[in-house]
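Asks: Any chance you can model this:
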Amino acid sequence: MNDCSEIISLCGRYGDKSEVIISFMCENIIACFGAPKMLISDRGAHLRNEIVTSFNRYLGINHLPETSYRTQANALRTSNHRTFGKTPAIIVYVLELLTPSIWEDQPIKIDEESTEIFNNKVKFLSKTLPKYRQAEYNARVKSKNIEAQYYNKKIRTRSFEIGYQVLKILEEPYTELGDRSVGPFEISAVLGDGVYQITDLKGNSDNVHSDRLTKYTHARGMVPAVRTGQARSTLPALVRPFRGKVHVDVVL
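Replies: This is a model prediction of the structure:
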């Protein structure tokens with residue numbers, strides 16, 4: 001009967017003439033199977049006009065529309081209404097969930113496979129993983145030693161004494177065309193491991209490694225072109241505006 005309903009709907013596409021619909025129903029449905037008790041369709045214009053409605057009423061055919069509870073005719077014909085036979089927990093998590101209401105009624109099952117997996121994890125964490133960590137540590141030590149050998153070749157030992165005048169080398173100059181050295185500063189303390197404490201004319205001090213210090217020397221009567229600056233600034237060198245002067249006479 002679903003096939004017949006679909007064919008009736010198809011016949012209506014060739015025209016809205018009621019004679020075509022009624023003739024098809026009489027020759028192909030009523031003549032073969034008798035008058036149907038129900039006709040399910042989308043209630044198109046060719047199936048709900050006055051002539052077809054009177055014909056259905058005369059034969060006692062109940063014409064019903066398709067709804068969400070009575071799906072389309074082709075869907076009823078082609079779909080299989082079968083369930084998975086699985087609970088939502090099995091579908092989502094691939095295992096049955098135990099709720100608090102059934103915890104006491106469920107025995108604790110520990111199979112051999114789960115025990116073996118647990119033992120393998122314990123073995124990996126206690127024996128195998130420490131070996132990987134030690135190997136990674138040894139590789140890092142080896143890499144650091146190689147870097148130290150390469151770096152130490154370029155190191156030039158600088159030693160200063162208290163009272164020496166030095167310049168501090170900036171990581172980045174204040175301006176694109178500016179000098180990278182500021183000062184002069186005075187060595188006020190030797191802290192060891194190549195670290196010195198420098199002090200400016202205002203009494204500000206900073207701890208700087210000797211790699212960033214250079215000895216300040218100038219000929220007698222020469223006007224040094226050195227930019228003034230504090231031992232420790234409050235802003236990074238890249239964003240700090242330049243406040244000093246380009247040429248300053250330094251009186252020793």
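Asks: Break this protein into its domains for me.
Replies: Domain assignment for the chain by automatic domain parsing gives 2-78, 115-155, 157-252.
Asks: Give the rounded mean pLDDT of the first one.
Replies: Okay, so that is domain 2-78. Mean per-residue pLDDT for domain 2-78: 71.
Asks: Same question for the second one.
Replies: Throughout domain 115-155, pLDDT has a mean value of 87.
Asks: end-to-end on it?
Replies: Domain 115-155 has an end-to-end distance of 58 Å (C-alpha to C-alpha, to the nearest Å).
Asks: The stretch 1-150 of the chain: helices as residue ranges?
Replies: Assigned by DSSP state H, counting those that start in this stretch, the helices in the stretch 1-150 of the chain fall at 2-11, 18-24, 31-33, 50-59, 73-78, 88-93, 112-123, 129-152.
Asks: would you list those helices in TSV and tack on distance to residue 206 and mean neighbour count?
Replies: Quick note: C-beta positions are derived from backbone N, CA and C, even for glycine. Shown next, in TSV, are the helices of the stretch 1-150 of the chain (distance: least, C-beta to C-beta, whole Å; neighbours: other C-beta atoms under 10 Å):
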stretch	distance to residue 206	mean neighbour count
helix 2-11	90	16
helix 18-24	99	16
helix 31-33	104	9
helix 50-59	100	14
helix 73-78	81	14
helix 88-93	61	11
helix 112-123	52	10
helix 129-152	24	10
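Asks: Tabulate those helices (a markdown table), appending distance to residue 167.
Replies: Converted to a markdown table, these look like this (distance: least, C-beta to C-beta, whole Å):
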| stretch | distance to residue 167 |
| --- | --- |
| helix 2-11 | 95 |
| helix 18-24 | 104 |
| helix 31-33 | 109 |
| helix 50-59 | 105 |
| helix 73-78 | 87 |
| helix 88-93 | 69 |
| helix 112-123 | 60 |
| helix 129-152 | 23 |
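Asks: if we compare those, which one ends up closest to residue 99?
Replies: Smallest distance to residue 99 across the helices of the stretch 1-150 of the chain (C-beta to C-beta): 9.8 Å, for helix 88-93.
Asks: Just the mean pLDDT for that closest one, thanks.
Replies: Averaged across helix 88-93, pLDDT comes to 81.
Asks: What about residue 216, how many residues nearby?
Replies: The tally of other residues near residue 216 (other C-beta atoms under 10 Å) stands at 19.
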